[in-house]
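Student: Sharing a model prediction with you, sequence too.
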Amino acid sequence: MFFLTPVLVAVVCILIVWIFKNADRSIERRNGEPRARAEARPWVDEDLKDSTELHQVEEDEDECQESEENVEHIPFSHTRYPEKEMVKRSQEFYELLNKRRSVRFISDEEVPMEVIDNVIKAAGTAPSGAHTEPWTFVVVKDPDMKHKIREIIEEEEEINYMKRMGHRWVTDLKKLRTNWIKEYLDTAPVLILIFKQIYGFAANGKRKVHYYNEISVSISCGILLAALHNAGLVTVTTTPLNCGPRLRVLLHRPTNEKLLVLLPVGYPSKEAMVPDLKRKPLDQIMVTV
């Protein structure tokens, strides 16, 4: 009979452990998501990852998608103001937007739908990669649907606050007195959910690449915030972490749309309070070369 010596047993055990560890690493590499990376960034929302990747572009090129090469070009109409008027208009616009605040206490008073139509049309004027206009604005007014949205968000947000976000993030939010309870999702007369379209469809039904879709939709959201404030309405910018897939299904949106931002919109409630925050001065945000 052949018997293993204690030294040989130890060597065999080390080899077995080494083989298993390398197998785990090989699986992680195939999946493209190493454990360390996932653990280091628990707040990353998988549903927001941008799918405008090279392989997708190549696939779409292989499908010979239609191209709008013959768009008519027309003379540009421009209004030029005297220098004093430019300074005056820019100062007034700054002063208007400087009063904009994130408001979490929103009245249930109805707002004119014509105003909502206009602010979304304003958001739709944003520039976009290759003029693909990769945005969908879902306006929710139905009380039952708003409550279902609130239930999904609060369920996920409680997990975010307790586990995903981490101690530092939760601590940084304490000064804003915010948590996973989102009463404004019920009380706000309008919820606007902004979806980015990671791709679209050409006239022939084939996929159409939406270049820089997340950047384009983010610019559109900025214009929407300014338009809402200009109209005398308030909102708070929310990015419902890990809620995107469930909200997309709830609202019957197609799989090429990913939730980017949710805005509860309305008038501020009478008891509305906001933190007394200060904005950085110009010399801290602008560099002239």
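Tutor: Perfect, I can see it now.

Student: need the helices for the stretch 51-200 of the chain, in chain order.
Tutor: All helices of the stretch 51-200 of the chain, identified by DSSP state H, counting those that start in this stretch, fall at 54-62, 83-97, 113-123, 143-159, 166-173, 184-187.

Student: For residue 206, which of those is the nearest?
Tutor: Proximity to residue 206, assessed across those by Cβ to Cβ, is greatest for helix 54-62 (7.4 Å). Glycine gets a C-beta too; all of them are placed from N, C-alpha and C.

Student: tell me the mean pLDDT for that closest one?
Tutor: Per-residue pLDDT over helix 54-62 has a mean of 47.

Student: likewise stretch 143-153?
Tutor: Here the average pLDDT along stretch 143-153 is 95.

Student: can you check stretch 106-118 too?
Tutor: Mean pLDDT, stretch 106-118: 98.

Student: Using PDB, write down the CA coordinates of it.
Tutor: What follows is stretch 106-118, C-alpha atoms only, in PDB (Å, rounded to 0.1, in the frame of the first residue of the first chain):
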ATOM      1  CA  ILE A 106     -44.800  69.400  -2.400                       C
ATOM      2  CA  SER A 107     -48.500  70.400  -2.400                       C
ATOM      3  CA  ASP A 108     -51.200  68.200  -3.900                       C
ATOM      4  CA  GLU A 109     -52.700  71.200  -5.700                       C
ATOM      5  CA  GLU A 110     -53.200  70.500  -9.400                       C
ATOM      6  CA  VAL A 111     -50.900  72.200 -11.900                       C
ATOM      7  CA  PRO A 112     -52.000  73.200 -15.500                       C
ATOM      8  CA  MET A 113     -51.100  70.400 -17.900                       C
ATOM      9  CA  GLU A 114     -50.400  73.000 -20.600                       C
ATOM     10  CA  VAL A 115     -47.500  74.100 -18.400                       C
ATOM     11  CA  ILE A 116     -46.200  70.500 -18.200                       C
ATOM     12  CA  ASP A 117     -46.500  70.200 -21.900                       C
ATOM     13  CA  ASN A 118     -44.500  73.400 -22.500                       C
END
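
Student: Relative to residue 150, how far out is the residue nearest in space to the middle of the chain?
Tutor: Centroid check for the chain by Cα atoms, centre = their mean gives residue 260 as the closest residue, at 2.6 Å. Distance of residue 260 to residue 150, given as Cβ to Cβ, to the nearest Å: 19 Å.

Student: thinking again about what came up before, and residue 75, which of the helices of the stretch 51-200 of the chain is closest to it?
Tutor: helix 83-97 (22.4 Å).

Student: just checking, what packs against that closest one?
Tutor: The contact analysis (3 or more Cβ pairs under 8 Å, 6 or more residues apart in numbering; DSSP states H and E) places helix 83-97 against helix 213-230.

Student: Would you pull up how far the helix it packs on lies from the middle of the chain?
Tutor: Centroid separation for helix 213-230 versus its chain: 11 Å, with Cα atoms, centre = their mean, to the nearest Å.

Student: got a list of contacts for that helix?
Tutor: Defining contact as Cβ atoms under 8 Å, 6 or more residues apart in numbering, one finds that helix 213-230 is touched by 48, 50, 52, 96-97, 99-100, 118-120, 122-129, 132-135, 137, 192, 194-199, 210, 234-235, 237, 260-261, 263, 265.

Student: Could you give the average pLDDT over the helix or strand containing the residue nearest to the centre of the chain?
Tutor: Per DSSP states H and E: residue 260 is located in strand 257-265. Strand 257-265 comes out with an average pLDDT of 97.

Student: which helices and strands does that strand pack with?
Tutor: strand 190-197, helix 213-230, helix 244-250.

Student: Spit out the contact partners of residue 124.
Tutor: Neighbour list for residue 124: 133, 135, 137, 220 [criterion: Cβ under 8 Å, 6+ apart].

Student: cutoff 7 Å now
Tutor: residue 133 (Cβ atoms under 7 Å, 6 or more residues apart in numbering).

Student: For it, what are phi and psi?
Tutor: phi -70, psi 0 (degrees, to the nearest 10).

Student: where's it relative to residue 132, distance?
Tutor: Counting by Cβ to Cβ - residue 124 and residue 132 are separated by 12 Å.

Student: so what's residue 235 bridging to?
Tutor: Beta-bridge partners recorded for residue 235 (DSSP bridges): residue 102.

Student: relative to helix 143-159, how tilted is the strand holding residue 260?
Tutor: 110 degrees (axes from the mean of the first three to the mean of the last three Cα atoms, to 10 degrees).
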